[in-house]
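Colleague: this one's structure only:
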Ligand code: FES
C-alpha cells in the first residue's frame, strides 16, 4: 500500500516568501515536492475564501506566508492578513474546519532554509492528520444539495 502524500497549497506573497522559495531551489535545499505554490502580490490580497476553496478542491493542508512584520512591500498588507487570520481562525473553529491544517508564517527572501523547514514540517503534520476527507465529503454534499 502506498504512503499517503498530502496535497498542500501554499498562498505566498511575491516579494518575500516566493523569493525565499526560489532561493530554496537555487540553493539546492531539498523539500517535499507535494506543495503547490500560488503567488500573490501581497498576503494582504489573500481572501480567506480561497482557503476554503482550496480545501473544497482537494487540499489536505494550506500554508499562508508573506513578508515579516514591517517588511511588507505594500506597507501593511501582512498586518491586514494577520488580523484577518485571527478572525478567520475563529470562524473556522465555529464551522468545524480543522485549523491544524492551516499554517501561517513569515518567510523573507533570504530564508530559503526556513521555507524548506515549514514545508517539510507541514507535510509531516498533515501526514499524521491524514487526508481531509471529512471536509471534501462535506463540501461535495453541499454542492450537490
Ligand atoms: Fe509580502 Fe505584503 S508584500 S506580505
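Modeller: Everything's here; your move. In this text the structure is predicted, and so the values were computed from the model without any measurement.
Colleague: Can you tell me what sits against the helix or strand that contains residue 105?
Modeller: Secondary-structure assignment from DSSP states H and E places residue 105 in strand 102-106. Here strand 102-106 makes contact (CB atoms under 8 Å, 6 or more residues apart in numbering) with 16-17, 51, 61-69, 78, 82, 85, 89, 92, 118, 122. Backbone N, C-alpha and C define where each C-beta goes, glycine included.
Colleague: what does stretch 47-61 rub up against?
Modeller: By CB under 8 Å, 6+ apart, stretch 47-61 touches 6-9, 11, 38, 62, 64, 84-85, 88, 97, 101-103, 122-123, 125-126, 129-132, 135-136, 139, 143.
Colleague: What subset of those residues is buried?
Modeller: Burial by neighbour count, 16 or more other CB atoms under 10 Å: within these this picks out 6-9, 11, 62, 64, 84-85, 88, 97, 101-103, 122-123, 126, 132, 135-136, 139.
Colleague: helix or strand for the residue nearest to the spatial centre of the chain, which one?
Modeller: When CA atoms, centre = their mean is applied to the chain, the residue found nearest the centroid is residue 63 (1.4 Å). Counting by DSSP H and E, the secondary-structure element that holds residue 63 is strand 61-66.
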